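> Make a model of this:
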Amino acid sequence: MSDLALIFTAALGAALGVGLLGALALRLLRGRSITAHIGVLLGVTVSAVVAGVAVVAEAMFLSAHDLEVVLITVAAAAVVSLAVGWLFGRRLAAAAVWADQARERERRVEKGRRDLVAWVSHDLRTPLAGLRAMAEALEDRVVDDPATVAEYHRRIRVETDRMTRLVDDLFELSRINAGALRLSLAAVPLGEVVSDALAATAPLAAARRIRLVAVEAGWPTVLASEPELARVVGNLLVNAVRYTPPDGTVTVEGGREADHAWLAVADTCGGIPAGDLPRLFDVAFRGEPARTPPPPPGSGPGGDGSGGLGLAIVHGLVEAHGGRVQVANITDGCRFVVRLPVPGT
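Just a heads-up that it's a prediction; the model follows:
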């Protein structure tokens, strides 16, 4: 065997030994972060080169000085290689993680769209079938006694109002998602908005035997667009009343902390499953079937017409104001907290 073949074999053996150890290390790191894998991969690659050079240099019977020069040169090259590899490896790892998160986010958005189409299709198809049947019955004079005709007219109006609310919610949500929402920010007394929302929700609460409780003083002034703020408060109140069992209580509070104001709506719904909390503001998310409330009296078979959009709209409107909304379970229910900027901040 020629000298070159011997040198190649020795270098190959040393590199293979390091490579096998690296393969074992990578196997043990299975499931760890991409950064850890890149670090080990860099270390194994550079170590294999260093090992091959060191073995060959030792076999060549170099003088101590020449061997030291070779090893120092290889060590310097190894340090530079590791530094450059680590720098760009971390960037590649970050890019891979970002791409994975983007794909996951895109999958969630796409699933949300499919769920929304499914919910809206269901919420429109059911009342439309009822409307068609009632209209045909009236047209063919299948029903002619005044009481039944009046009831059919009332149910047609209720279903029309419900579908109008659903279309309005879809339009509002599309404006939020498209960034087309234009807010006219001004100093708004939060107490007045809450008072109006309580008055509007009172009939629904009375029908479900829900007690509405609100503090009378201490309400802050917030920097907001009043129509959108009214919608946020109204949606939270209606959501709380719908999910609270009869004879329950919905409590509204507000205050100021440092540079922001807060509004809290708490109910006695019994709590939200922990797995549902992170998805509660997703479009068309309605939670487990047990939390889907029965239709309120007079709403017809299609339900309440919210389409699972109310809390998604709240989330979008609050973020458009530069605030944030959170939800957490409390002793006997759940509590939504909205934080909004105040004038002068």
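> Sketch out the helices for the stretch 101-250 of the chain, chain order is fine.
For the stretch 101-250 of the chain, the helices defined by DSSP state H, counting those that start in this stretch cover 146-177, 190-207, 226-243.
> hey, which of the ones you listed is tucked in deepest?
Most buried of those, by mean neighbour count (mean count of other Cβ atoms under 10 Å): helix 226-243, with a mean of 22. C-beta coordinates here come from the backbone N, C-alpha and C atoms, glycine included.
> tell me what that one is packed against?
Applying 3 or more Cβ pairs under 8 Å, 6 or more residues apart in numbering; DSSP states H and E, one finds that helix 226-243 makes contact with strand 186-189, helix 190-207, strand 249-257, strand 260-266, helix 310-320, strand 334-341.
> With respect to residue 105, which of the ones you listed lies nearest?
Closest approach to residue 105 among the helices and strands packed on helix 226-243 is made by helix 310-320 (15.5 Å; Cβ to Cβ).
> gap between the closest one and the chain center?
12 Å (Cα atoms, centre = their mean, to the nearest Å).
> re earlier: for the helices of the stretch 101-250 of the chain, could you give me CSV that also reports mean pLDDT and distance to residue 37?
As requested, the helices of the stretch 101-250 of the chain are exported to CSV (pLDDT from 0 to 100; distance: least, Cβ to Cβ, whole Å):
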stretch, mean pLDDT, distance to residue 37
helix 146-177, 86, 37
helix 190-207, 93, 52
helix 226-243, 92, 45
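> Looking at the helices and strands packed on helix 226-243, spot the one closest to residue 33.
The nearest among the helices and strands packed on helix 226-243, by Cβ to Cβ, is helix 310-320 at 30.6 Å.
> Tell me what angle the closest one forms with strand 260-266.
170 degrees (axes from the mean of the first three to the mean of the last three Cα atoms, to 10 degrees).
> so how far is the following helix or strand past helix 310-320 off the chain centroid?
Downstream of helix 310-320, the first helix or strand assigned by DSSP states H and E is strand 324-329. Mean C-alpha position of strand 324-329 versus that of the full chain (Cα atoms, centre = their mean) differs by 12 Å.
> Just give the number of residues close to residue 39.
19 (other Cβ atoms under 10 Å).
> Let's verify it: helix, strand, or coil?
Here residue 39 takes the helix state, with states given by DSSP: H, G, I helix; E, B strand; the rest coil.
> Report whether the expected contact of it with residue 89 is present.
Yes. Contact between residue 39 and residue 89 holds when scored by Cβ atoms under 8 Å: they sit 7.4 Å apart.
> Could you report the neighbour count for residue 273?
11.
> Against residue 35, how distant is residue 7?
For residue 7, the distance to residue 35 equals 36 Å [Cβ to Cβ, to the nearest Å].
> which stretch among the helices of the stretch 101-250 of the chain comes nearest residue 328?
helix 226-243 (13.8 Å).
> quick one: the closest one to helix 190-207, angle?
Going by the same axes, to 10 degrees, helix 226-243 makes 30 degrees with helix 190-207.
> Pull the distance from helix 226-243 to the chain's centre.
Here helix 226-243 is found 20 Å from its chain centre; the criterion is Cα atoms, centre = their mean.
> just stretch 148-156 next, same as before
Offset of stretch 148-156 from its chain centre (Cα atoms, centre = their mean): 42 Å.
> do stretch 125-134 as well
34 Å.
> residues of it that come out buried?
Buried residues in stretch 125-134, defined by neighbour count with 16 or more other Cβ atoms under 10 Å: 127, 130-131, 134.
> One more: stretch 60-74?
Those would be 70-71, 74, for stretch 60-74 by 16+ other Cβ under 10 Å.
> ditto for stretch 336-345
Residues of stretch 336-345 classed as buried by neighbour count (16+ other Cβ under 10 Å): 336-342.
> Can you tell me which of those is nearest residue 246?
Residue 246 lies nearest to residue 336 out of the buried residues of stretch 336-345, by Cβ to Cβ, at 20.6 Å.
> just checking, the closest one touches residue 238?
No. If you go by Cβ under 8 Å, residue 336 and residue 238 don't touch, sitting 11.9 Å apart.
> hmm, back to that, to residue 111, which of the helices of the stretch 101-250 of the chain lies closest?
That would be helix 146-177 among the helices of the stretch 101-250 of the chain, by Cβ to Cβ, at 15.1 Å.
> So which elements touch the closest one?
Packing partners of helix 146-177 (3+ Cβ pairs under 8 Å, 6+ apart): helix 64-139, helix 310-320.
> Reformat those as TSV; add distance to residue 153 and mean pLDDT.
Putting the helices and strands packed on helix 146-177 into TSV (distance: least, Cβ to Cβ, whole Å; pLDDT from 0 to 100) gives the following:
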stretch	distance to residue 153	mean pLDDT
helix 64-139	8	83
helix 310-320	28	89
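> so can I have CSV of these showing distance to residue 14?
Shown next, in CSV, are the helices and strands packed on helix 146-177 (distance: least, Cβ to Cβ, whole Å):
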stretch, distance to residue 14
helix 64-139, 12
helix 310-320, 59
